[in-house]
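# just need the structure, nothing else, for what follows:
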Amino acid sequence: METAMAKEADYDPRPQSAPFQRQRACIPCTQAKRRCDKSRPFCQRCLTKQIKCHYSSRRLYARGRGDGSSRAESTATASEPSLDSSTSLLFTEDGDAHDDEDQNTSQGDVDVNNRQLFSRPWFLKAEFWVIHHQSLHTPPSIRSSAVQQYIRCIKKWLRQWVDCSHCPIVHASLFAETGMPPCLQDAYAALAVYGNKNEQNEHVVMQHIQDKADALLEANAENKDPLVDMFASSTPLSTGQHLARVLSLFIYQFIRLFDGHIRQRALAEKQIAVLEAWTTQLWESATLDVTLHNTFGGEYLAVEDKMDMANHLWRNWIVMENVRRVWMVCTYTQCIYLLTRDGTVTCTGTIDFTARHGLWDATSAAIWLRMLEQKDPLSVVPHDSDWLREATTIKDIDPFSIVNMGLGLDSDKMDAWIANTTNMRLEALMDA
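Have a look, this model is predicted:
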């Protein structure tokens, strides 16, 4: 690819007075607003920080300037895309801001109905569906109080879902078109019942939760070949169905593992491997959806109305982002439990997630799309977020992201970042 581009660059049909413009910085340095030495194939900053370095594949020429001084002026005033020039960075394949033909087009003039804009949304790119296993020479120093606060946050979010039908784990519009699946309705009701548990009704409440958990497992174990995984699906499930059963089992697991009821905890420990298997199947199903989309295109591409197209894209993002959040919550919560019980746990990896504050809580496709046109979505993987702390403030970050970054980043570094805009410590901000 680069050889072909080099040959192409040797030929310029325009006069010599319009030379090739200076080379652009790599995309990670551009997003982080940091100086780039523009070395190929990898710049020194990306190598030092162990960031995936990539450059735009498009060429940009200086426009009709006749003399050397004019060319120098053109080079000096050429602007790099900023962190917030999001629409081009989000939706185009190579992350360049504009073609040379429409370089002067302003962000406000973005044509939402342009199919190129929607052809490859960032959350449907294959590289954002990789589980990262990073070997760190020095593991981050994470305070035990931050880990304990994570569990309290999960409990608070589940209560919020019961009260408001929306929380950082479950989006209010997740099942708006299909209706909430029966298994998740049972889990929702079990959460509501659990919220009213007291010393007098504890036995009845915990028995109810046990019965619902057993029913979920039984429903997914019917008519299975005994030589095959007994918890594998007998028929292919959609990603939404995978998501519903994983979320349902997680709710039962969370209650039983952290309630303090000895018998229920022992029973839940037997299902840890089941939740792990189901979570893996959920991730594989979502990854298959992404592969099919990138091969055959999304259904929204056939929609003519621009807001209908945006609505389809928004609902796709809700499902995909919910998959990511449920994967993280299931994986991290069970890891915390095993680490607390055994003192050690096998690393299951980390994944990218959307960190921009406000995107998750957008109540319509129009609001969501407007936010994307104004700001980068901040797709982040926790162990590779130095650029995020350099280029943003904590106020730019979604509450879910803050809580999960608290598990993957050094607590003192998080405190220092938070202190730039607030007097709170990490644990207090997680609880806010």
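
# could you use CA atoms for every contact and neighbour count after this?
Will do.

# same question for stretch 396-405, mean pLDDT?
For stretch 396-405, the mean per-residue pLDDT is 94.

# what does it contact?
Applying C-alpha atoms under 8 Å, 6 or more residues apart in numbering, the external contacts of stretch 396-405 come out as 150, 153, 168-169, 353-358, 360, 382, 394, 430.

# try 6 Å
The contact list for stretch 396-405 (C-alpha atoms under 6 Å, 6 or more residues apart in numbering) reads P168, A355, R356, H357, P382, M430.

# so which of the residues you listed sit within helices?
Members of the contacts of stretch 396-405 lying in helices (criterion: DSSP state H): M430.

# in the contacts of stretch 396-405, find the pair that's most separated.
With distances taken as C-alpha to C-alpha, the most widely separated pair in those is P168 and P382, at 17.2 Å.

# sorry, back to before: which single one of the contacts of stretch 396-405 is nearest to L292?
Distance to L292, by C-alpha to C-alpha, is smallest for A355 among these, at 25.5 Å.

# I'd guessed the closest one sits against D376; true?
No - using C-alpha atoms under 6 Å, A355 is not in contact with D376, being 9.6 Å away.

# domain parsing of the chain, as residue ranges.
2-110, 127-430 (automatic domain parsing).

# okay, the ones you listed, which one's buried deepest?
domain 127-430 (a mean of 17; mean count of other C-alpha atoms under 10 Å).

# quick one: end-to-end length of that one, please.
From its first residue to its last, domain 127-430 covers 29 Å (C-alpha to C-alpha, to the nearest Å).

# so how far is it from its chain's centroid?
Computed by C-alpha atoms, centre = their mean, to the nearest Å, the chain-centroid distance of domain 127-430 equals 10 Å.

# quick one: C183 from D386, how far?
40 Å.

# can you check L426 too?
Using C-alpha to C-alpha, which is the criterion applied here, L426 is 17 Å from D386.

# quick check: next helix or strand after whichever helix or strand D211 is part of?
Assigned by DSSP states H and E, D211 belongs to helix 202-219. Beyond helix 202-219 on the C-terminal side, the first helix or strand identified by DSSP H and E is helix 239-258.

# tell me the mean pLDDT over that following helix?
Across helix 239-258, pLDDT averages out at 98.

# got the contact list for that helix?
Residues outside helix 239-258 that contact it (C-alpha under 6 Å, 6+ apart): L184, A187, Q264, R265, A268, L282, S285, A286.

# sitting in helices, which of those do you find?
Those of the contacts of helix 239-258 lying in helices (DSSP H): L184, A187, Q264, R265, A268, L282, S285, A286.

# so which of those residues comes closest to A310?
Lowest distance from A310 to the ones in helices among the contacts of helix 239-258 (C-alpha to C-alpha) belongs to A286, with 20.3 Å.

# and that closest one, how far from V170?
Separation of A286 from V170 (C-alpha to C-alpha) stands at 16 Å.

# likewise D214?
23 Å.

# and for P399?
According to C-alpha to C-alpha, P399 and V170 sit 13 Å apart.

# same thing with Q134?
According to C-alpha to C-alpha, Q134 and V170 sit 28 Å apart.

# now do Q200
Going from Q200 to V170 by C-alpha to C-alpha gives 31 Å.

# repeat that for V274.
For V274, the distance to V170 equals 21 Å [C-alpha to C-alpha].

# also D305?
Counting by C-alpha to C-alpha, the gap from D305 to V170 is 28 Å.

# what helix or strand is the closest residue to T333 other than its chain neighbours on?
Leaving aside its chain neighbours, T333 sits nearest to I151 (7.3 Å; criterion: C-alpha to C-alpha, 6 or more residues apart in numbering). Assessed by DSSP H and E, I151 sits inside helix 144-164.

# can I get that helix as CSV, trimmed to CA atoms?
C-alpha atoms of helix 144-164 as CSV (Å, rounded to 0.1, in the frame of the first residue of the first chain):
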residue,chain,number,x,y,z
SER,A,144,-8.6,-1.7,48.0
SER,A,145,-11.1,1.0,48.8
ALA,A,146,-11.5,1.7,45.1
VAL,A,147,-12.2,-2.0,44.5
GLN,A,148,-14.8,-2.1,47.3
GLN,A,149,-16.3,1.1,45.9
TYR,A,150,-16.7,-0.6,42.5
ILE,A,151,-19.0,-3.3,44.0
ARG,A,152,-21.0,-0.5,45.7
CYS,A,153,-21.4,1.2,42.4
ILE,A,154,-22.8,-1.9,40.7
LYS,A,155,-25.3,-2.3,43.5
LYS,A,156,-26.3,1.3,43.2
TRP,A,157,-26.7,1.0,39.4
LEU,A,158,-28.9,-2.0,39.6
ARG,A,159,-31.2,-0.2,42.0
GLN,A,160,-31.2,2.7,39.6
TRP,A,161,-32.3,0.4,36.8
VAL,A,162,-35.3,-0.8,38.9
ASP,A,163,-36.3,2.7,39.9
CYS,A,164,-35.7,4.5,36.5
